[in-house]
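A.B. asks: Here is a sequence with its predicted model. Questions after.
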Amino acid sequence: MTKFIKAILVFLGIGLIGFAVYVISPNVTGHHLSARQKEMLNLTLEWGRLAPLPDNARDILIKTEGNAFTRSFHVSFAASRQEIDAWIAASPGLYETTPREGSDHQVQFTISPGSGANAAEVTIDLQQNKVDIYVSWS
């Protein structure tokens, strides 16, 4: 193989790795949030009229979808039942809403969204102490 072909293959490999990092970077797991992920979380909380996540929240996952005309965020976390109850009490979007009981120990809140968002919903699994948040703007 010539040096030229090797150089092209290395260049393409670096480009592929860079592209993969770019595609994966909008989503995060864990506690160490980048500035971009903090912004996504802050928008989620603002649009859902929700309190900050509990201090001891774990298994935090943030995903985004959309384009120039729409944007939605999915955030999930786990916490103790006491922390989730305190979070509900501190979140206007939740305490102003009557939850619906779903299947498998779940309660669902359909929230009147804030800041121009068109949808906000929180589902809480009371058995696993897991919270799923969905907000959307278009």
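C.D. replies: Perfect, thanks for sending it. Numbering: from 1, shown residues only.

A.B. asks: Doesn't Leu41 lie inside a helix?
C.D. replies: Yes - assessed with DSSP: H, G, I helix; E, B strand; the rest coil, Leu41 lies in a helix.

A.B. asks: Return the residues in contact with it.
C.D. replies: Leu33, Leu53, Ile62, Val75 (Cβ atoms under 8 Å, 6 or more residues apart in numbering). All C-beta atoms are positioned from the backbone trio N, CA, C, and that covers glycine.

A.B. asks: Tell me the buried residues within the residues you listed.
C.D. replies: The neighbour count (16 or more other Cβ atoms under 10 Å) marks Leu53, Ile62, Val75 as buried among those.

A.B. asks: Closest to the centroid, which residue in the chain?
C.D. replies: When Cα atoms, centre = their mean is applied to the chain, the residue found nearest the centroid is Val75 (2.3 Å).

A.B. asks: Ser80 and Asp125: what is the separation?
C.D. replies: With distances taken as Cβ to Cβ, to the nearest Å, Ser80 is found 13 Å from Asp125.

A.B. asks: Who has more neighbours out of these two?
C.D. replies: Higher neighbour count among Ser80 and Asp125: Asp125, with 17 against 13, using other Cβ atoms under 10 Å.

A.B. asks: For the more buried one, which non-adjacent residue is closest in space?
C.D. replies: Closest residue in space to Asp125, ignoring its immediate chain neighbours: Gln106 at 5.2 Å, by Cβ to Cβ, 6 or more residues apart in numbering.
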